[in-house]
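# only the shape, not the letters, is given here:
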């Protein structure tokens with residue numbers, strides 16, 4: 001009796017690699033431009049800001065109904081935390097979930113996406129996207145200068161990578177039809 005192969009054959013791996021390289025030669029990778037990435041980021045920031053503001057107003061109405069006598073004091077404190085809430089929403093949920101499933105809404109509209117910079121150009125894993133978002137948050141917290149420098153680095157890099165892309169070996173590419 002012939003036993004079935006449990007491991008993939010080395011010839012199959014070689015053929016897959018050759019087919020991938022041929023595909024890349026026939027259809028070279030087109031990296032997203034600075035302008036495309038900027039527009040996508042602005043769309044994403046608008047969406048996350050809208051979600052954060054909407055969630056805060058729902059919370060404010062709940063607070064006004066539950067504790068009307070101290071609502072003004074509580075709501076004033078929460079309004080000060082609204083920018084931090086939006087940033088945390090971006091870093092913990094929006095960016096990692098959307099990037100690991102094919103791109104944020106802004107990137108999908110502009111038709112670009114973040115992929116691993118390897119032969120397969122697959123979507124990155126959730127944890128890698130989360131780590132990338134947290135690194136970008138650290139850049140923002142360091143007086144915004146590193147975040148701006150990271151984004152401007154796209155203009156001087158052949159693969160149009162930011163610092164946080166380079167750290168996690170990711171590139172932003174145009175989607176193929």
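Here it is on my side, so go on. All figures in this text were calculated on a predicted structure; none of them were measured in a lab. Numbers count the residues shown, from 1 in each chain.
# hey, let's count contacts and neighbours off CA atoms from now on
Will do.
# just checking, what packs against the longest helix along the chain?
Taking DSSP state H as the criterion, the chain has its longest helix at helix 34-66. In terms of contacts (3 or more Cα pairs under 8 Å, 6 or more residues apart in numbering; DSSP states H and E), helix 34-66 is packed against helix 71-89, helix 105-110.
# ok now it, how far from the chain's centre?
In terms of Cα atoms, centre = their mean, to the nearest Å, the centre of helix 34-66 is set 16 Å apart from its chain centre.
# tell me the angle it makes with helix 71-89.
Per axes from the mean of the first three to the mean of the last three Cα atoms, to 10 degrees, the angle that helix 34-66 makes with helix 71-89 is 150 degrees.
# flag every buried residue along helix 34-66.
For helix 34-66, burial by neighbour count (16 or more other Cα atoms under 10 Å) applies to 34, 36-37, 40-41, 43-45, 47-49, 52-53, 56, 60, 63-64.
# got it, and stretch 75-90?
75, 82, 85, 86, 87, 88, 89, 90.
# how close does the third one get to residue 121?
Distance, residue 85 to residue 121, using Cα to Cα, to the nearest Å: 32 Å.
# that older thread, ok, which of the helices and strands packed on helix 34-66 comes nearest residue 158?
helix 105-110 (20.1 Å; Cα to Cα).
# parallel or antiparallel, list what pairs with the helix or strand following that closest one.
Toward the C-terminus, helix 105-110 is succeeded by strand 112-116 as the next helix or strand (DSSP states H and E). Strand pairing for strand 112-116, using DSSP bridges, gives strand 170-174 (antiparallel).
# distance from the partner strand to the middle of the chain?
11 Å.
# before we move on, what about stretch 65-78?
With Cα atoms, centre = their mean, you get 35 Å for stretch 65-78.
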